[in-house]
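Participant: model this:
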Amino acid sequence: PEQQNIADRIAGRSFTSAEKERLVIESLKSSFIARHKLLENSLTGSEVRELLKINSRMTHINRVRNKTLLAVKDNGVWKFPAWQFDAQGDDGVLPGLIETIKALDMSNIAKISWITSNNSHLEGKTPLAMLKEGKIAEVIDEATGIGDS
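Facilitator: Next comes the predicted model:
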């Protein structure tokens with residue numbers, strides 16, 4: 001189909017069925033490795049409830065739904081990246097993070113990736129590093145601009 005023709009043109013050659021299958025499997029493995037790396041050093045829901053002194057069993061999930069915490073369900077367990085928490089921040093999170101989460105129109109795993117990846121528009125630093133430096137407006141501006149033409 002059309003996608004395959006594009007892949008063939010980019011690669012400059014055609015792929016055999018076995019090569020295509022191997023590439024799909026390698027891509028899938030890479031995606032899983034990247035996901036596991038993004039979720040390293042995460043807290044569970046019960047750890048988050050304890051950390052934030054939350055009594056209700058659902059409040060931490062409601063915060064994910066309301067875009068005031070980042071979490072991804074992994075093997076049936078909610079995982080909350082530890083880097084988002086800050087004892088000095090409003091609601092126990094890093095200053096500027098809630099606004100950043102709300103500005104990004106993508107899945108939570110994509111948000112985690114974006115926040116922790118170097119960004120050429122943010123001095124080559126990660127948005128996370130910029131938030132920690134207090135450069136909140138710059139991060140929110142960049143997050144808001146994602147997807148704009």
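Participant: Next, name the residue at the spatial heart of this protein.
Facilitator: The chain has residue 112 as the residue nearest its centroid, 1.6 Å off, counting by C-alpha atoms, centre = their mean.
Participant: Tell me the secondary structure at that residue.
Facilitator: helix (DSSP: H, G, I helix; E, B strand; the rest coil).
Participant: Pretty sure it sits against residue 80.
Facilitator: No. In this structure, residue 112 is not within contact of residue 80 by C-beta atoms under 8 Å, at 10.0 Å. To be clear about C-beta, it is placed using only N, CA and C from the backbone, and glycine gets the same treatment.
Participant: Residues that sit against both of those two, list them.
Facilitator: Common neighbours of residue 112 and residue 80, counting by C-beta atoms under 8 Å, 6 or more residues apart in numbering, are residue 70.
Participant: What pairs with the longest strand anywhere in the chain, parallel or antiparallel?
Facilitator: In the chain, assigned by DSSP state E, the strand with the most residues is strand 77-81. When pairing is defined by DSSP bridges, strand 77-81 lines up against strand 42-43 (antiparallel), strand 72-74 (antiparallel).
Participant: would JSON lines of those strands with mean neighbour count and mean pLDDT be doable?
Facilitator: Shown next, in JSON lines, are the strands paired with strand 77-81 (neighbours: other C-beta atoms under 10 Å; pLDDT from 0 to 100):
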{"stretch": "strand 42-43", "mean neighbour count": "20", "mean pLDDT": "92"}
{"stretch": "strand 72-74", "mean neighbour count": "16", "mean pLDDT": "91"}
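Participant: Which of those sits closest to residue 84?
Facilitator: strand 42-43 (9.3 Å; C-beta to C-beta).
Participant: hmm, who's touching the closest one?
Facilitator: 51, 79, 80, 81, 82, 85.
Participant: so who does the third one touch?
Facilitator: It stands for residue 80. 42, 43, 44, 45, 47, 48, 60, 69, 70, 71.
Participant: quick one: the fifth one from residue 34, how far?
Facilitator: For residue 47, the distance to residue 34 equals 23 Å [C-beta to C-beta, to the nearest Å].
Participant: and residue 127, how many neighbours does it have?
Facilitator: 27 (other C-beta atoms under 10 Å).
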